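**Q** Following is a predicted model, sequence given first.
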Amino acid sequence: KIEMIKTARKHLKPAMINFKKGHPNPSLLPHAEMSATLLSLCRGGDRLPGLDYGDNRGCPDLRSTLAGFLTEETSHDDYTRCRIGTPETPAAVPVCPNRLFVTAGVSHGIDLLCATNTAPGETVWIERPTYFLAAEIFRSHGLVLHQLPMRSGGGVDVGKIVGGDGSRPPPKMIYLVPSHHNPTGYTMGVEDRAVLAEWAIRNGVMIVADEVYHLLDWEGGDKTGEGSRPARFAAFNAVARADNAGTTGTGSCVSVSALTKIFAPGVRTGWVEGPDDVVSALARHGYVESMGGFAPLGNKIAAEALRKGAVKRHRELLRDAYGGRAHLLHGALAGPLGSLAECGAHPPSGGYFMWVRFLHPALADAALLKEWCEEFYGVTFLPGGDCDPFLGADGG
């Protein structure tokens, strides 16, 4: 009978509801906005821009437009620990076009930072759990992964890093997802960011902050003007480097992001924001020098979408859509399944992810639960173990 039910469901069940990957719902892709952007770009005369080789750092037009967009969209972030001077009147830290390097996305940016700042055998500290495809980027460069100390309630335990006994030397690089963390949804507070930034710069460590979800929030930040969204990591460079002037530390804070989550993945436009020395090293990298910048035509398309307001409008649409879905999913799990599942006291305030911990012993095997949900309910998800790059290495 069970086999008969399975066979019948294969023919009758609707398309799978997929919670596994951070991909946008196809209905929320910006088809109309992109069509209007392309038409606008083509109306500029008989010479289409972006068909020749480009600037190593990315099209100057894109970097300028992007810097303006990011400066405006982060103007209400919490900068209390980012400025030299009086913290009582913190001003926004603007994005400088010359400190942006255009990439083909976040993964591309991380890969380039590894290529220009690390050597095989050096160490990278990463979160546990973390973005499930991140570890292999570092391993492909011959880097050794170590686990960051984590708090039991979620997030990096910054106190244990800065207060270490020195038995473990600082790494070459730290990789983290500080805003609406993939996969837990946790956001690192501004105080922890400031303390970690100062420690990293003093100890010659590069912080690579994957901030692709930084602007995809629906509570706080620039939507309310209350400054509840912590400042991006690159904003901490000025004050942290000033505090360590005269020391041998050569660390840095680098923000890596993209239009992937706030507009469309297929646009393949991302950026690295960091100090001059970091951006200059990227621009001098061998294949970057050879190819003359990444996708100049794509740069022009992205610049036009930003200039015409298409990205801003679509980001607002996504905020409303995903915010509503987050509240709906949280209510479904916290209500009827409240005694079986733990998913936090509040719905996620941004990003794509919700971390669910099943409490009943019968649901402890995530792989079996996933198979059961797929077979009988048409729902799939990513088991937490898939986000653990150290699973099995320490008996966990």
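**A** Nice, thanks for sending it over.
**Q** my read: Thr37 touches Arg307, true?
**A** No. If you go by CB atoms under 8 Å, Thr37 and Arg307 don't touch, sitting 9.1 Å apart. In this view, the C-beta of every residue, glycine as well, is placed from N, C-alpha and C.
**Q** For the two, indicate the residue with more neighbours.
**A** More crowded of Thr37 and Arg307, by other CB atoms under 10 Å: Thr37, with 23 against 19.
**Q** so who does the more buried one touch?
**A** Neighbouring residues of Thr37 by CB atoms under 8 Å, 6 or more residues apart in numbering: Ile301, Glu304, Ala305, Lys308, Ala310.
**Q** And Asp320, by the same measure?
**A** Neighbours of Asp320 in contact, by CB under 8 Å, 6+ apart: Trp218.
**Q** Burial check on Asn18, number of neighbours?
**A** Residues lying near Asn18 (other CB under 10 Å) number 14.
**Q** That should have said Asp55, apologies.
**A** 17.
**Q** my read: it touches Gly293, true?
**A** Yes. Asp55 is within contact range of Gly293, at 5.1 Å (criterion: CB under 8 Å).
**Q** hang on, Gly338 in a strand?
**A** No. According to DSSP: H, G, I helix; E, B strand; the rest coil, Gly338 belongs to no strand; its state is coil.
**Q** Give me the pLDDT for it.
**A** At Gly338, the model reports a pLDDT of 73.
**Q** Check Asn18 too.
**A** 89.
**Q** which ones are touching it?
**A** Taking CB under 8 Å, 6+ apart, we find Asn18 in contact with Thr380.
**Q** host element of it?
**A** Taking DSSP states H and E as the definition, one finds Asn18 inside strand 17-19.
**Q** tell me which residues of the next helix or strand after that strand are tucked away?
**A** Where DSSP H and E defines the elements, the next helix or strand beyond strand 17-19 is helix 31-42. With burial defined by 16 or more other CB atoms under 10 Å, the residues of helix 31-42 counted as buried are Glu33, Met34, Thr37, Leu41.
**Q** Which other helices and strands does the lengthiest strand in the chain contact?
**A** Ordering each strand of the chain by length in residues (DSSP state E) puts strand 252-258 first. Judged by 3 or more CB pairs under 8 Å, 6 or more residues apart in numbering; DSSP states H and E, strand 252-258 is in contact with helix 106-117, helix 190-202, strand 206-210, helix 237-243, strand 270-273, helix 276-284.
**Q** Can you name the residues in contact with the last one?
**A** Looking back up the chat, that one is helix 276-284. Residues from elsewhere that reach helix 276-284, judged by CB under 8 Å, 6+ apart: 56-57, 98-101, 112-113, 116-117, 206, 252, 254, 272, 288-289.
**Q** Of these, which is the most crowded?
**A** Within the contacts of helix 276-284, neighbour counts (other CB under 10 Å) peak at Phe101, which reaches 29 neighbours.
**Q** Phi first, then psi, for the closest residue to Asn25 other than its chain neighbours.
**A** Of all residues not flanking Asn25 in the chain, Ala321 sits nearest, at 7.8 Å (CB to CB, 6 or more residues apart in numbering). Here is the backbone geometry of Ala321 (degrees, to the nearest 10): phi -70, psi -50.
**Q** Could you check how far Ala321 is from Leu259?
**A** The gap separating Ala321 from Leu259 is 17 Å, by CB to CB, to the nearest Å.
**Q** So which of those two has more stuff around it?
**A** Leu259 (25 against 15).
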